[in-house]
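Trainee: With the sequence up front, the predicted model follows.
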Amino acid sequence: MMKHPVPSGGSAFDAFARHYREMHDANIRLSGAGSAYFARLKIQILACYESDQAQQVLDLGCGDGLCAAYMHEQFPSWQITGVDVSAESLAVARERKLPGIQFLHYDGERLPFASQQFDVIFLAGVLHHVQQSQHLPLVREIRRVSRKQGRIYIFEHNPFNPLTRYFVHTCAFDKGVRLLKPAYVRHLLDAAGWEAQTCRYYIFWPRYSVFRPLLGLESWLAHVPLGGQYMVQAQAR
């Protein structure tokens with residue numbers, strides 16, 4: 001096993017890289033939508049807080065590059081860099097041939113960038129794969145590469161949602177993970193030099209057509225801690 005903050009190591013994700021989306025689709029089929037839908041949804045939420053102006057953006061734990069692809073569609077002026085511990089996932093991401101986006105290998109400890117380089121840092125479903133003892137060092141390292149007034153967006157599974165807990169329990173690449181409470185993530189950010197500003201919950205109903213009329217209500221429920229996932233946004237102090 002390689003020495004990484006990720007419990008299963010980057011090599012474990014290498015084994016899933018070529019079939020990650022198909023496996024995820026099968027795992028979450030009861031949700032009424034596929035993996036790509038939820039990847040795009042994260043970028044749509046990001047667009048509620050950020051605009052398409054020229055910025056340096058880090059997608060940390062970029063995996064196969066799907067979120068970066070949707071990010072590029074939504075924010076064509078952004079300069080996006082993706083990093084991951086999984087070399088095979090990065091190979092899949094590079095095969096997308098996304099213009100102007102670079103995908104770099106990351107050793108799981110020190111980010112290969114100068115200090116104060118990024119305006120926006122995005123983590124989607126990453127932190128719960130990191131050993132708890134490494135949470136604070138990781139978030140401090142992210143703070144190092146963030147510019148003053150830079151923003152971080154952390155998307156995580158909500159442990160208070162029973163369907164989310166079921167999906168995680170039955171997911172091959174989530175074995176042994178511990179879901180993180182939003183209060184813990186906010187405390188972690190505060191300890192690392194960030195000021196948490198927003199905690200937003202989303203995915204309150206399955207995406208079947210019968211629930212479609214209710215989807216418009218989700219923005220009104222953003223502060224109700226029952227959604228399937230949540231996003232914590234913070235600004236560098």
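Mentor: Good, I have the coordinates.

Trainee: Now the most centrally placed residue in the chain: closest residue in space that isn't a chain neighbour?
Mentor: Residue closest to the mean C-alpha point of the chain, counted by C-alpha atoms, centre = their mean, is A124 at 0.5 Å. Counting by C-beta to C-beta, 6 or more residues apart in numbering, the nearest residue to A124 once its immediate chain neighbours are dropped is F155, at 4.5 Å. Heads up, the C-betas are built off the backbone N, CA and C, glycines and all.

Trainee: Packing partners of the helix or strand hosting P137?
Mentor: For P137, the host element (DSSP states H and E) is helix 135-145. With contacts taken as 3 or more C-beta pairs under 8 Å, 6 or more residues apart in numbering; DSSP states H and E, helix 135-145 sits against strand 56-60, strand 118-124, helix 182-191.

Trainee: Please name the strands paired to the second one in the sheet, noting orientation.
Mentor: Within its sheet, strand 118-124 is paired with strand 56-60 (parallel), strand 146-157 (parallel), according to DSSP bridges.

Trainee: ok so, going back, any idea what the residue nearest to A124 is bridged to?
Mentor: Bridge pairing for F155 - DSSP bridges - gives A124, M231.

Trainee: wait, it sits on L41?
Mentor: No - between F155 and L41 there is no contact under C-beta atoms under 8 Å: 9.5 Å.

Trainee: Which one of the two is surrounded by more residues?
Mentor: It is F155, of F155 and L41, that has more neighbours when counted by other C-beta atoms under 10 Å, with 24 against 17.

Trainee: thinking again about what came up before, for the residue nearest to the centre of the chain, give its distance to Q149.
Mentor: With the distance defined as C-beta to C-beta, to the nearest Å, A124 ends up 22 Å from Q149.

Trainee: Let me know the secondary structure of the residue sitting furthest away from the middle of the chain.
Mentor: In the chain, V210 marks the outermost C-alpha relative to the chain mean, sitting 28.3 Å out by C-alpha atoms, centre = their mean. Using DSSP: H, G, I helix; E, B strand; the rest coil, the structure places V210 in helix.

Trainee: What of F103?
Mentor: strand.

Trainee: re earlier: quick one: the strands paired with strand 118-124 as CSV, columns for mean pLDDT and distance to L214 too.
Mentor: Shown next, in CSV, are the strands paired with strand 118-124 (pLDDT from 0 to 100; distance: least, C-beta to C-beta, whole Å):
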stretch, mean pLDDT, distance to L214
strand 56-60, 98, 31
strand 146-157, 97, 21
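
Trainee: Distance to Q131 added to those strands, as TSV?
Mentor: Shown next, in TSV, are these (distance: least, C-beta to C-beta, whole Å):
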stretch	distance to Q131
strand 56-60	16
strand 146-157	15
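
Trainee: which of the ones you listed is buried the deepest?
Mentor: strand 56-60 (a mean of 23; mean count of other C-beta atoms under 10 Å).

Trainee: Pull the residues that contact whichever helix or strand comes after it.
Mentor: With elements assigned by DSSP H and E, the helix or strand that comes after strand 56-60 is helix 66-74. Residues from elsewhere that reach helix 66-74 (C-beta atoms under 8 Å, 6 or more residues apart in numbering): 21, 35-36, 39-40, 42-44, 46-47, 52, 57, 59, 62, 78, 80, 82, 93, 96, 98-101, 103, 122, 124.
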